[in-house]
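J.: sequence and computational prediction follow.
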Amino acid sequence: MKNTFQNKRFRFFELVEKARDTDLSENERAEINALADSGSRLLDSLAESLLIDATLRHDTRLVRDLQAHVPPSIAPAGRRPFVTSVLAAAACGMLGLLLFLNSQKQPAGPVPIATLVKANGCKWASSTLPTAQGSRVTAGTYELVEGLATLRFDSGAEIVLEAPSSLELIDSMNCRLLRGTLVSDVPPSAIGFTVNTLKARVVDYGTRFGVSTSEDGKYMVQVLSGKVEVEDHAEAKLHKLTAGQNIDRGLFAQRRNPLTPADEPSLWQPDRIVNAGEGWQMISTAYGRGKDTFIETSTNPRTYGKQAVFRAKRSTIQQHLNRKAYLGFDIASFQAKGFEKAELILAIEPSDLGFATLVPDSRFLVYGLTDESGDSWDESAMNSASAPANDPAGSNPHLPVPENVVLLGSFEIAQGVGRGNRTLDGQSLVDFLNSDTNGIVTLIVCRETDETAKGGLAHAFATKENGSSTPPLLRLKPKL
């Protein structure tokens, strides 16, 4: 019998200590409650232990003095001393409090603040959060390499993260864009939702807006509807923006002129015809008299012949920002035989200029310049005013003048795709190359798909000046 009580006593004390420091399981809570209800001896024993603990930890004279002043009427012979009774009551109270606090503890781990509702063509890098579509996510970081990711915060705010981007989730009303681009939609329930960057703080007042930033702190905010408040950390005043307005702190200029040959030396051998096997040969715009650039239908024409990317865009909202590319290939070495088959290969590059969310899946058209007098264009000097087959004031400034070109084919790029290759082939391309008489051909690349709102993405492709991606290629199979 004595052993049974000692075992219960040991187990009871063990559970009390555990309840003070950690969580009890459901079974352990039931066990300690059953032991506490089994009789007063266990509670008396706990009270005595508490008395000893207090005696050892505190002034022993105080304990003796308290016991010496207990009136006999309160502590009659054969009954527990007053101090022990008090401690027994305290033990019951402490046990109840411990069990209550234990029962109120929340499960361990961070609290979810958002849901990854869509992952469209996404590729991720070193993210600390789940990347499966539908995942509930906590505070943490996303590194998006490709695609578009839609996050809905528990506050109701929704953001579309556009690759390549890095985003830190803070709580249901705050995030930090470390680099890249996002577009945010904020309902009334989430007014005050905030996007932070290295050098600014953007507070939403029930609207749709886009934010882009680079790792060096340059940023741009574009309001699509409603209003936002932008606090620049380097300025004393707040900027209040409404629909159609934007604030740019150096980012647009940086992305409009991303790289030069001095920044990235070309990896492509310019004076070489590549043997691609099985009778195929390959040249780039870096071969021979090859060249590549793009033009912009601007009131202030500029040249873009030395950039690492060429851009293509259609915009009926901002027609001065329509863009199309010109590619020149030197095919003189193949002319004696002509061509049996041919392919145009383009490498897609992250544009970082405009919002991919505002441009749906896009169709691109490729034309051949039939007016050979225009083949002499100079990539270092050509702009929208001097480009062949171009009418800046025409009804379709995103397209070449139809009388001077022939349509060779089309290809598509899904929304949010910022990497990969696109190939155009077919008999129309072969016939165009075989019809050439001056040994150099000009191809014109245009985007047929319009943006859905001001600030849409301008698609980008690698040029011969690009140091990391393949320039425009012609893969040719000459006739035997």
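T.: Sure thing, it's come through. Source: prediction; values computed, not measured.

J.: report the contact partners of residue 204.
T.: Listed by C-beta atoms under 8 Å, 6 or more residues apart in numbering, the contact partners of residue 204 are 157, 184, 186, 190-195, 226, 228. Placement of C-beta: from N, CA and C, glycine included.

J.: and it, bridged to which residues?
T.: Counting by DSSP bridges, residue 204 is bridged to residue 228.

J.: ok, of the contacts of residue 204, which come out buried?
T.: Judged by neighbour count, with 16 or more other C-beta atoms under 10 Å as the criterion, the buried members of the contacts of residue 204 are 157, 184, 186, 190-191, 193-195, 226, 228.

J.: how about these in JSON lines, adding distance to residue 137 and pLDDT?
T.: JSON lines is the format used below for the buried ones among the contacts of residue 204 (distance: C-beta to C-beta, whole Å; pLDDT from 0 to 100):
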{"residue": "157", "distance to residue 137": "14", "pLDDT": "96"}
{"residue": "184", "distance to residue 137": "17", "pLDDT": "96"}
{"residue": "186", "distance to residue 137": "19", "pLDDT": "95"}
{"residue": "190", "distance to residue 137": "17", "pLDDT": "95"}
{"residue": "191", "distance to residue 137": "22", "pLDDT": "95"}
{"residue": "193", "distance to residue 137": "16", "pLDDT": "97"}
{"residue": "194", "distance to residue 137": "18", "pLDDT": "97"}
{"residue": "195", "distance to residue 137": "17", "pLDDT": "97"}
{"residue": "226", "distance to residue 137": "26", "pLDDT": "93"}
{"residue": "228", "distance to residue 137": "24", "pLDDT": "95"}
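
J.: and which of the contacts of residue 204 is nearest to residue 445?
T.: The closest of those to residue 445 turns out to be residue 184 (C-beta to C-beta; 31.9 Å).

J.: what's near enough to touch that closest one?
T.: The neighbourhood of residue 184, defined by C-beta under 8 Å, 6+ apart, consists of 157-160, 193, 195, 204, 208-211.

J.: and what of residue 334?
T.: Contacts for residue 334 (C-beta under 8 Å, 6+ apart) come out as 281, 476, 478.

J.: one more time with 7 Å, if that's ok
T.: Shown in contact with residue 334 (C-beta atoms under 7 Å, 6 or more residues apart in numbering): 476, 478.

J.: separation between residue 459 and residue 451?
T.: Distance, residue 459 to residue 451, using C-beta to C-beta, to the nearest Å: 11 Å.

J.: same check, this time on residue 335
T.: Applying C-beta to C-beta, the value for residue 335 to residue 451 is 40 Å.

J.: out of the two, which sits in the busier spot?
T.: Between residue 335 and residue 451, counting by other C-beta atoms under 10 Å, residue 451 is the more crowded of the two (23 against 15).

J.: so that one touches residue 359, yeah?
T.: Yes. Taking C-beta atoms under 7 Å as the definition, residue 451 is a contact partner of residue 359 at 5.2 Å.

J.: what's the local residue count around residue 386?
T.: Other residues lying near residue 386 total 14 when counted by other C-beta under 10 Å.

J.: no no, residue 404
T.: Residue 404 is flanked by 18 other residues according to other C-beta under 10 Å.

J.: low-confidence ranges in this structure?
T.: Low-confidence segments of the chain, defined by pLDDT under 70, are located at 1-3, 20-23, 37-40, 42-44, 46-109, 252-271.

J.: just the helices from it, written as ranges.
T.: 2-21, 26-36, 40-57, 60-68, 82-104, 251-256, 427-434 (DSSP state H).

J.: for stretch 132-146, buried residues please.
T.: For stretch 132-146, burial by neighbour count (16+ other C-beta under 10 Å) applies to 137, 139-140, 142-146.

J.: and the gap between residue 165 and residue 143?
T.: Taking C-beta to C-beta as the measure, residue 165 and residue 143 are separated by 8 Å.

J.: ok, residue 343 next?
T.: In this view, residue 343 and residue 143 are 34 Å apart by C-beta to C-beta.

J.: repeat that for residue 205.
T.: Computed as C-beta to C-beta, the residue 205 to residue 143 distance reads 30 Å.

J.: try residue 235
T.: When distance is defined by C-beta to C-beta, residue 235 is 30 Å away from residue 143.

J.: ok, now residue 203?
T.: Here residue 203 is placed at a distance of 25 Å from residue 143 (C-beta to C-beta).

J.: do residue 427 as well
T.: With distances defined as C-beta to C-beta, the gap from residue 427 to residue 143 amounts to 44 Å.

J.: repeat for residue 368
T.: When C-beta to C-beta is applied, the distance between residue 368 and residue 143 equals 41 Å.

J.: same question for residue 406.
T.: Residue 406 sits at a distance of 44 Å from residue 143 (criterion: C-beta to C-beta).

J.: so this protein: which segments form each domain?
T.: The record, using automatic domain parsing to delimit domains, assigns the chain the ranges 2-104, 114-254, 258-478.

J.: what's the local residue count around residue 122?
T.: When neighbours are counted by other C-beta under 10 Å, residue 122 registers 20.

J.: verify the stated contact: it with residue 144.
T.: Yes. Under the criterion of C-beta under 7 Å, residue 122 lies in contact with residue 144, with a separation of 6.3 Å.

J.: which residues touch the nearest residue to residue 233 once chain neighbours are set aside?
T.: Distances taken as C-beta to C-beta, 6 or more residues apart in numbering put residue 199 closest to residue 233, at 5.2 Å, once the chain neighbours are dropped. Taking C-beta under 7 Å, 6+ apart as the criterion, residue 199 is in contact with 217, 219, 232-234, 249.

J.: so which of these belong to strands?
T.: The members of those that map onto strands under DSSP state E are 219, 232, 249.

J.: so which of these is the closest to residue 11?
T.: Top of the list for closeness to residue 11, among the ones in strands among the contacts of residue 199 and by C-beta to C-beta, is residue 219 at 62.1 Å.

J.: residue contacts, that closest one?
T.: Going by C-beta under 7 Å, 6+ apart, residue 219 touches 197, 199-200, 211-213, 249, 251.

J.: what do you get if the cut-off is 10 Å, keeping everything else the same?
T.: 177, 179, 195, 197-200, 202, 211-213, 230, 232, 247-251 (C-beta atoms under 10 Å, 6 or more residues apart in numbering).

J.: just the buried ones from these?
T.: Members of the contacts of residue 219 classed as buried by 16+ other C-beta under 10 Å are 177, 179, 195, 197-200, 202, 211-213, 230, 232, 247, 249, 251.

J.: which parts of stretch 278-290 are buried?
T.: Residues 280-288, 290 are the ones in stretch 278-290 that count as buried (16+ other C-beta under 10 Å).

J.: quick one: the strands in the stretch 301-450 of the chain, in order.
T.: 309-312, 323-330, 339-349, 362-369, 405-413, 420-425, 440-447 (DSSP state E, counting those that start in this stretch).
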